[in-house]
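In: with the input below, show me the fold.
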Amino acid sequence: MSYQIGYYNSSVQTSIDDWPSGVYASFIKITEQIERSGPNLGLPYTRALGDGLFEIRAKGPEGIGRALFCCLINRKVIILHGFIKKTPKIPIKDLRLARKRLKEIKS
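Out: Below is the predicted model of the structure:
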């Protein structure tokens, strides 16, 4: 069975659509695989961050992108936040924003 990918809002989708072309191509490849096989692809493509939050790990010649997502019933994956990574760890502000959005969706 296939999964359906959605976005928290249009600004999240626009932000990811504006990623550098190589990073965006990697993101599209990973999301297409999620649609076919489900979100549990494992490293290097996806990783669990705890409490129902996961990350898509897109990589291109221009850099690294991260899209934080959650899974809902009925095989839905919601992209909560996306950003181009500039530091080794996920910035706290990005993690907090994704967790806040996750809480909103789950309530």
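In: which residue ranges form the strands in this structure?
Out: Under the criterion DSSP state E, the chain contains strands at 4-7, 46-50, 53-60, 63-72, 76-85.
In: name every strand pairing with the first one and say which way it goes.
Out: Sheet pairing for strand 4-7, assigned by DSSP bridges, gives strand 76-85 (parallel).
In: please identify the buried residues of the partner strand?
Out: By neighbour count on 16 or more other C-beta atoms under 10 Å, the buried set for strand 76-85 is 77-85. The C-beta positions use only the backbone N, C-alpha and C, and glycine is treated the same way.
In: any chance of those residues in a markdown table, with pLDDT and distance to residue 93 too?
Out: Below are the buried residues of strand 76-85 laid out as a markdown table (pLDDT from 0 to 100; distance: C-beta to C-beta, whole Å):
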| residue | pLDDT | distance to residue 93 |
| --- | --- | --- |
| 77 | 96 | 23 |
| 78 | 97 | 20 |
| 79 | 98 | 17 |
| 80 | 98 | 14 |
| 81 | 98 | 10 |
| 82 | 98 | 14 |
| 83 | 97 | 10 |
| 84 | 97 | 14 |
| 85 | 93 | 13 |
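In: now distance to residue 24 too, for the strands of the chain, in a markdown table please.
Out: Below are the strands of the chain laid out as a markdown table (distance: least, C-beta to C-beta, whole Å):
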| stretch | distance to residue 24 |
| --- | --- |
| strand 4-7 | 14 |
| strand 46-50 | 17 |
| strand 53-60 | 7 |
| strand 63-72 | 7 |
| strand 76-85 | 10 |
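In: closest one to residue 25 among those strands?
Out: strand 53-60 (6.5 Å; C-beta to C-beta).
In: now do the closest one against strand 63-72: the angle between them, please.
Out: Strand 53-60 runs at 150 degrees relative to strand 63-72, counting by axes from the mean of the first three to the mean of the last three C-alpha atoms, to 10 degrees.
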